[in-house]
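A.B. asks: my questions concern the predicted model and sequence given below.
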Amino acid sequence: MERYLRALLKLIKYSAFLGIVAAITSFIGPNHSILIKSGIGIIIGCLILGKRLPRALKELFDSTTGLFESEDD
């Protein structure tokens, strides 16, 4: 359970970072394309996170499979 909560905390931090980057990029340029600029911000945030985001998702997947296997026993 502790691994699961640790993985969730990492993903919450990463999603907050992606939201902050998307919000910053939405203020740049004209107002008529905010959704496109937010998408660009999310892509830039994913590029900055690099390999950390897939590792966190894999850790979450591994911890949930271990959690469900332990409940079946």
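C.D. replies: In hand now; what should we look at? Numbers count the residues shown, from 1 in each chain.

A.B. asks: where does pLDDT dip in this protein?
C.D. replies: Along the chain, the model assigns pLDDT under 70 to residues 66-73.

A.B. asks: that one: helices as residue ranges?
C.D. replies: 2-26, 34-49, 52-72 (DSSP state H).

A.B. asks: make CSV out of these and add mean neighbour count.
C.D. replies: Glycine gets a C-beta too; all of them are placed from N, C-alpha and C. Below are the helices of the chain laid out as CSV (neighbours: other C-beta atoms under 10 Å):
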stretch, mean neighbour count
helix 2-26, 15
helix 34-49, 15
helix 52-72, 13
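
A.B. asks: now do residue 2 against residue 63, distance only.
C.D. replies: 9 Å (C-beta to C-beta, to the nearest Å).

A.B. asks: could you do residue 39 as well?
C.D. replies: Here residue 39 is placed at a distance of 30 Å from residue 63 (C-beta to C-beta).

A.B. asks: one more: residue 29?
C.D. replies: Per C-beta to C-beta, residue 29 is found 40 Å from residue 63.

A.B. asks: now do residue 13
C.D. replies: As for residue 13, its distance to residue 63 is 16 Å (criterion: C-beta to C-beta).

A.B. asks: list the contacts of residue 38.
C.D. replies: Residues in contact with residue 38 (C-beta atoms under 8 Å, 6 or more residues apart in numbering) are 22-23, 25-26.
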